[in-house]
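Asker: Next comes the sequence, and after it the predicted model I'd like to discuss.
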Amino acid sequence: MKKAKSMIGGIKENFPSGLVVFLVALPLCLGIALASGAPPLSGIIAGIVGGLVVGFISSSNVSVSGPAAGLTAIVLTAITDLGAFELFLCAGIIAGLIQLILGFVRAGSISNYFPNNVIEGMLAGIGIIIILKQIPHALGFDQDFEGNESLFANGFNPNYFTELFGGIHVGAIIITLVSVGILLAWEKVPVLKKIKMLPGALVAVTAGILLNYLFKISGSSLYIGSEHLVNLPVPESFSDIGNLIILPDFSGFLNPKVWIVGGTIAIVASIETLLCIEATDRLDVRRRITDTNLELKAQGIGNLISSVIGGLPMTSVVVRSSANANAGATSKLSAMIHGAMLLVCVLSIPFILNLIPLATLAAVLILVGYKLAKPTTVKHFWNKGKYQFIPFIATILAVVFLDLLKGVGIGLLISVFYILQGNMKRAYYLSREELDDADEITIKLAEEVSFLNKAALKKTLKNIKPGSTVIFDARSTSYIAGDVLDLIQDFANIRAKEEEIDVKLLGFKTSYRDYDEDEHSHILVTHRRAM
């Protein structure tokens with residue numbers, strides 16, 4: 001009885017967020033299928049499986065899975081090369097199997113090595129892209145497909161802004177403004193915020209449909225035509241739905257190209273999923289931690305099922321997950337509700353869904369994008385200093401102007417560079433900065449001294465003048481690389497004797513050595529004599 005009450009409570013809390021994600025996911029599923037050169041229903045199938053199957057298995061409380069814009073180029077190229085969507089579905093099955101294996105070998109732990117500033121930069125970059133890609137839909141210029149997450153997917157068009165402002169539809173702008181007003185009111189007005197079972201997105205969508213209907217019956221030029229509305233295939237009967245589903249051609253398993261495509265999809269989809277999981281865990285207000293190995297297994301099972309019944313491959317998706325978190329989702333039940341709504345509505349009321357203006361959905365996504373790319377987030381990392389801010393801002397720019405994976409890769413490289421630079425600088429510090437005038441120099445070693453610090457230490461030792469006293473202080477050090485120990489040994493045993501440099505070593509112990517215990521044991525004897 002308690003469990004039933006808890007489930008009902010969970011539905012009450014997560015139904016509004018599930019509805020919001022459903023409204024956001026519907027055009028994205030269709031748009032990604034269109035961009036991938038796949039049947040329209042394949043995107044919807046992937047969304048349904050991502051919600052119901054992956055949502056049920058996954059331990060993530062916020063993330064939502066579905067067809068991913070990041071895979072569109074791979075899918076489009078693969079379908080073209082293989083010559084048939086039926087053959088491509090075999091590659092999706094292979095990708096699912098590989099992801100299952102990755103989950104069992106615990107490859108999900110790679111997500112622990114993504115720095116927070118890079119993850120936050122990725123989210124902010126996605127937020128900026130969402131806003132920029134939805135502005136045309138908000139203005140009624142709907143020539144780009146929904147779900148495209150690259151600004152220059154079709155190459156840079158120098159006439160883009162001329163075409164954009166030349167194609168403005170006033171009716172779409174009015175519906176966008178009304179929708180934004182409703183959504184903001186639902187967030188800011190205390191009385192409306194309490195009506196959790198009536199989400200602002202549903203009210204905005206209803207208002208958009210009604211406004212457009214009023215434009216139509218009044219004969220106004222503000223009326224928005226079908227080219228500016230959701231475009232879902234409408235089957236005339238249930239048998240038609242069966243005809244729209246395409247099943248795999250299992251002879252594709254004998255084609256080496258299919259296996260290559262499957263492996264490529266598995267790697268890219270797994271990386272995107274792990275990035276999204278790391279990001280959405282930060283969006284979760286309760287900061288719950290997702291089991292990433294279980295997530296890879298869930299994605300693998302989801303891709304297997306989706307491909308067997310004619311769906312596109314999927315990942316955990318930042319846009320839908322962000323919309324879910326911002327709408328107040330408290331558990332994975334929200335993702336499952338979104339999947340169930342996709343299934344029910346596509347089967348029963350596609351003609352109603354086709355009345356929804358893209359301008360209304362653009363309003364929902366623009367607010368989602370703003371929350372991901374808030375100026376306060378930029379200010380937060382600015383205040384943290386250049387070592388945090390530069391990788392953060394570089395990730396944003398690379399995600400916006402290149403793509404998600406390249407952006408994160410560039411952010412990681414810059415972060416690693418700063419880590420190495422910081423490690424080299426902090427390996428030791430000197431008691432006197434001016435070596436030329438120093439008679440006694442204390443080189444206090446850091447807690448860890450790696451081979452990367454060898455060059456800097458060598459340069460310091462080179463500048464020590466004859467007749468000086470050099471103290472190597474390792475009392476706070478837990479690890480010194482063999483390269484550095486050899487450098488100190490050579491300095492103490494050879495050059496120090498030749499130039500009458502008095503060398504004192506403090507705190508050196510055998511546990512520093514990461515090489516053979518006997519091979520360099522004489523270094524300690526030499527040290528004791530030097531002291």
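Answerer: Right, received. Where do you want to start?
Asker: Could you list the low-pLDDT ranges of the stretch 201-350 of the chain?
Answerer: Residues of the stretch 201-350 of the chain that meet the criterion pLDDT under 70 lie in 235-244.
Asker: which residues of it fall in strands?
Answerer: Listed from the start of the chain, the stretch 201-350 of the chain has strands (DSSP state E, counting those that start in this stretch) covering 314-317.
Asker: remind me which residues of the stretch 1-150 of the chain are low pLDDT?
Answerer: In the predicted model of the stretch 1-150 of the chain, residues 1-9, 142-150 satisfy pLDDT under 70.
Asker: If we use 90, what do you get?
Answerer: Counting by pLDDT under 90, the low-confidence segments of the stretch 1-150 of the chain come to 1-17, 19-20, 23-41, 68-77, 80, 83, 107-150.
Asker: where exactly do the strands run in it?
Answerer: Along the stretch 1-150 of the chain, the stretches classed as strands by DSSP E, counting those that start in this stretch are 64-67.
Asker: Sketch out the helices for it, chain order is fine.
Answerer: 2-35, 40-49, 55-57, 72-82, 85-104, 116-139 (DSSP state H, counting those that start in this stretch).
Asker: can you list these in CSV and add distance to residue 475 and mean neighbour count?
Answerer: For every residue, glycine as well, the C-beta is placed using N, CA and C. CSV is the format used below for these (distance: least, C-beta to C-beta, whole Å; neighbours: other C-beta atoms under 10 Å):
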stretch, distance to residue 475, mean neighbour count
helix 2-35, 55, 21
helix 40-49, 59, 28
helix 55-57, 52, 19
helix 72-82, 55, 18
helix 85-104, 44, 23
helix 116-139, 33, 23
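Asker: Out of the ones you listed, the one nearest residue 229 is which?
Answerer: Taking C-beta to C-beta, helix 2-35 is the member of these nearest to residue 229, at 9.6 Å.
Asker: angle of that closest one against helix 72-82?
Answerer: In this structure, helix 2-35 runs at an angle of 60 degrees to helix 72-82, with axes from the mean of the first three to the mean of the last three C-alpha atoms, to 10 degrees as the basis.
Asker: Just the CA atoms from stretch 35-44 would do, formatted as CSV, please.
Answerer: C-alpha atoms of stretch 35-44 as CSV (Å, rounded to 0.1, in the frame of the first residue of the first chain):
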residue,chain,number,x,y,z
ALA,A,35,18.4,14.9,-40.9
SER,A,36,19.7,11.3,-40.7
GLY,A,37,18.0,10.3,-43.9
ALA,A,38,15.9,7.8,-42.0
PRO,A,39,12.1,7.1,-41.9
PRO,A,40,10.3,9.7,-39.7
LEU,A,41,8.9,7.0,-37.4
SER,A,42,12.4,5.7,-36.6
GLY,A,43,13.1,8.8,-34.6
ILE,A,44,9.9,8.4,-32.6
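Asker: Contacts for that stretch, please.
Answerer: With C-beta atoms under 8 Å, 6 or more residues apart in numbering as the test, stretch 35-44 has contacts from 26, 28-34, 67, 69, 71-72, 75-76, 79-80, 85, 88, 145, 147-148, 153, 232-233, 244-246, 310-312, 342, 346.
Asker: how far does it sit from the chain's center?
Answerer: Mean-position distance between stretch 35-44 and its chain equals 23 Å (C-alpha atoms, centre = their mean, to the nearest Å).
Asker: Stretch 440-458 now?
Answerer: In terms of C-alpha atoms, centre = their mean, the centre of stretch 440-458 is set 37 Å apart from its chain centre.
Asker: Return the set of buried residues in it.
Answerer: When neighbours are counted by 16 or more other C-beta atoms under 10 Å, the buried residues of stretch 440-458 are found to be 441-446, 449-450, 452-454, 457.
Asker: show me where pLDDT drops low in the stretch 401-531 of the chain?
Answerer: 401-409, 412, 415-531.
Asker: So which residues of it form strands?
Answerer: Assigned by DSSP E, counting those that start in this stretch, the stretch 401-531 of the chain shows strands spanning 428-430, 440-445, 448-449, 469-473, 479-480, 502-506.
Asker: got the angle between the last one and strand 440-445?
Answerer: Using the same axes, to 10 degrees, the direction of strand 502-506 lies 30 degrees away from that of strand 440-445.
Asker: other SSEs contacting strand 502-506?
Answerer: With contacts defined as 3 or more C-beta pairs under 8 Å, 6 or more residues apart in numbering; DSSP states H and E, strand 502-506 has these neighbours: strand 469-473, helix 522-530.
Asker: Give me the sheet partners of the first one and which way each runs.
Answerer: Partners of strand 469-473 in the sheet, by DSSP bridges, are strand 440-445 (parallel), strand 502-506 (parallel).
Asker: Identify, from the buried residues of stretch 440-458, the entry nearest to residue 357.
Answerer: residue 452 (57.1 Å).
Asker: residues touching residue 76, list them.
Answerer: Listed by C-beta under 8 Å, 6+ apart, the contact partners of residue 76 are 35-37.
Asker: rerun that using 6 Å as the cut-off
Answerer: Residue 76 is in contact with 36-37, counting by C-beta atoms under 6 Å, 6 or more residues apart in numbering.
Asker: doesn't residue 502 make contact with residue 469?
Answerer: Yes: using C-beta atoms under 6 Å, residue 469 is in contact with residue 502, at 4.4 Å.
Asker: distance between the ends of stretch 342-361?
Answerer: Looking at stretch 342-361, the gap from its leading to its trailing residue is 16 Å under the measure C-alpha to C-alpha, to the nearest Å.
Asker: er, stretch 278-295 actually
Answerer: End-to-end for stretch 278-295, by C-alpha to C-alpha: 11 Å.
Asker: ditto for stretch 346-356
Answerer: With C-alpha to C-alpha as the measure, the first residue of stretch 346-356 is 14 Å from its last.
Asker: Residues in contact with it: which ones?
Answerer: Taking C-beta under 6 Å, 6+ apart as the criterion, the residues outside stretch 346-356 that touch it are 44, 205, 209, 229-230, 232, 234, 345.
Asker: From residue 400, how far off is residue 393?
Answerer: Counting by C-beta to C-beta, to the nearest Å, the separation of residue 393 from residue 400 is 11 Å.
Asker: my bad, residue 476
Answerer: Going from residue 476 to residue 400 by C-beta to C-beta gives 43 Å.
Asker: what sits against the closest residue to residue 58 other than its chain neighbours?
Answerer: On the basis of C-beta to C-beta, 6 or more residues apart in numbering, the spatially nearest residue to residue 58 that is not a chain neighbour turns out to be residue 298, at 4.3 Å. Taking C-beta under 6 Å, 6+ apart as the definition of contact, the neighbours of residue 298 are 54, 57-58.
Asker: Look up how far residue 178 lies from residue 298.
Answerer: To residue 178, residue 298 is 39 Å away according to C-beta to C-beta.
Asker: Ok, residue 329 next?
Answerer: 26 Å.
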